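K.L.:
Have a look; sequence and predicted model below, questions after that.
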Amino acid sequence: MYYKAALVLEGGAFRGLYTSGVLDALMDKDIQFDAVIGVSAGSLNGVNYIAKQYKRSFSINTKYRNDKEYIAVSNALKNESVINLDFLFKDHGLHWQNFDAEAYKRSDTDFVICATSLTTGNLVTFKNPEVGDDLIKALEASSSMPLISNPILTNRGLCLDGGIADSIPYKVAKKMGYDKIVVVRTRPRDYRKSLTGRAAKKIYELTYKDYPSFVRAAINRPVKYNETCDELEALEKSKDIFVIAPDEPIKVSRLEKNQQKLQDLYNLGKKNLETSLDSMVNYINQ
């Protein structure tokens, strides 16, 4: 069943296993949304959800987490991206759950991928990118973490992680005209970021010295993130937005290796969706 509502997916690298659990639980119930808006890991989860590829995100990120063709921290020493996102869209043969491009094309859902412009430091969006280079570049741009990934050249210019400009882009859904918005977080509701420290500021300034607007956005990210969390808290209380978030502390790091932790986080996402499903459907149908 398609609901006339927007689904907004926060990023968080391997904390996105929580989102994978939520989305697989939605697929279990045959629930789809008119629009899916993803940032960073949220966009990678979102593309599999739109293509209705049950457990694809979970399978890849657990089975291949330690495959150096996919993730290699040593790449940073060669000025290469730590995470090889092309790995997700290659044809790896029958043993692999290849991306279903035809299912993606058939979907009636509007898919919006969010990234950050390296030139302006502002949010840029890619709506319904076509299968092939456009889709892959948009996903790579949205998911390329600063300092450990190279900027991606897209049709909107050089871009990096969408979370720099807007980690939880619920306002994109509002601009699209949706008054029913479901947000999937990858942190508990009460989580807030610490302010950017002096050392981190220096690293951003040195690494992106030719892009001062991006540097300002990166340094200011915790402030904007915390403001967004406060806004979501108020909107949830007034029943203007529905939030699904982990109901226990998250112990998974951005590049987590422990497969049991990843499995547990995925299971938590499924459980939290199933617990809140009736409330979510009631909210949408009000």
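P.N.:
Received, thanks. Residues are numbered from 1 along each chain as shown.
K.L.:
quick one, helices of the protein?
P.N.:
Ranges of helices within the chain are 16-28, 41-50, 56-63, 101-106, 133-143, 170-175, 198-207, 212-237, 259-285, based on DSSP state H.
K.L.:
Out of these, which one sits most buried?
P.N.:
Per residue and on average, the most neighbours among those fall to helix 41-50, with a mean of 28 (mean count of other CB atoms under 10 Å). For glycine as for every other residue, the C-beta is placed from the backbone atoms N, C-alpha and C.
K.L.:
which helices and strands sit right next to that one?
P.N.:
Packing partners of helix 41-50 (3 or more CB pairs under 8 Å, 6 or more residues apart in numbering; DSSP states H and E): strand 2-9, helix 16-28, strand 32-39, helix 56-63, helix 101-106, strand 110-117, helix 133-143.
K.L.:
And these: which comes nearest residue 191?
P.N.:
helix 16-28 (12.4 Å; CB to CB).
K.L.:
Run through who's touching the closest one.
P.N.:
9-10, 12, 32, 40-42, 44-46, 48-49, 52, 54-55, 57-58, 61-62, 184, 186, 244, 246, 250, 252, 262-263, 265-274, 277 (CB atoms under 8 Å, 6 or more residues apart in numbering).
K.L.:
one step back: got the helices and strands packed on helix 41-50 as a markdown table, with distance to residue 123 and mean pLDDT columns?
P.N.:
Converted to a markdown table, the helices and strands packed on helix 41-50 look like this (distance: least, CB to CB, whole Å; pLDDT from 0 to 100):
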| stretch | distance to residue 123 | mean pLDDT |
| --- | --- | --- |
| strand 2-9 | 13 | 96 |
| helix 16-28 | 19 | 97 |
| strand 32-39 | 9 | 97 |
| helix 56-63 | 23 | 90 |
| helix 101-106 | 23 | 94 |
| strand 110-117 | 6 | 98 |
| helix 133-143 | 10 | 93 |
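K.L.:
Make CSV out of these and add distance to residue 166.
P.N.:
Converted to CSV, the helices and strands packed on helix 41-50 look like this (distance: least, CB to CB, whole Å):
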stretch, distance to residue 166
strand 2-9, 10
helix 16-28, 16
strand 32-39, 7
helix 56-63, 22
helix 101-106, 24
strand 110-117, 6
helix 133-143, 11
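K.L.:
what separates stretch 131-144 from the chain centre, distance-wise?
P.N.:
12 Å (CA atoms, centre = their mean, to the nearest Å).
K.L.:
neighbouring contacts of that stretch?
P.N.:
11, 38-41, 43-44, 47, 81, 83, 85-86, 89, 101, 104-105, 113-115, 126, 129, 150-155, 159-162.
K.L.:
Wait, residue 1 touches residue 30, no?
P.N.:
Yes: contact criterion CB atoms under 8 Å: residue 1 and residue 30 qualify, at 6.1 Å.
K.L.:
List buried residues within the contacts of stretch 131-144.
P.N.:
When the contacts of stretch 131-144 are checked for burial by 16 or more other CB atoms under 10 Å, the buried set is 11, 38-41, 43-44, 47, 81, 83, 85, 89, 104, 113-115, 126, 129, 151-152, 154, 159-162.
K.L.:
And the pLDDT at the residue nearest to residue 201 when sequence neighbours are not counted?
P.N.:
Nearest non-adjacent residue to residue 201, counting by CB to CB, 6 or more residues apart in numbering: residue 219, 5.4 Å away. pLDDT for residue 219: 98.
K.L.:
how far away is residue 219 from residue 41?
P.N.:
22 Å (CB to CB, to the nearest Å).
K.L.:
By mean pLDDT, which helix or strand of this structure comes out lowest?
P.N.:
Ranked by mean pLDDT, DSSP states H and E, the helix or strand of the chain with the weakest confidence is helix 56-63, at a mean of 90.
K.L.:
between it and helix 259-285, how many degrees?
P.N.:
160 degrees (axes from the mean of the first three to the mean of the last three CA atoms, to 10 degrees).
K.L.:
now helix 56-63 against helix 16-28, angle please.
P.N.:
Using the same axes, to 10 degrees: helix 56-63 against helix 16-28 is 140 degrees.
K.L.:
Now do helix 56-63: which elements does it pack against?
P.N.:
Packed next to helix 56-63, using 3+ CB pairs under 8 Å, 6+ apart, are helix 16-28, helix 41-50, helix 259-285.
K.L.:
Please tabulate those helices in TSV, including the columns distance to residue 214.
P.N.:
Formatted as TSV, the helices and strands packed on helix 56-63 follow (distance: least, CB to CB, whole Å):
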stretch	distance to residue 214
helix 16-28	23
helix 41-50	19
helix 259-285	30
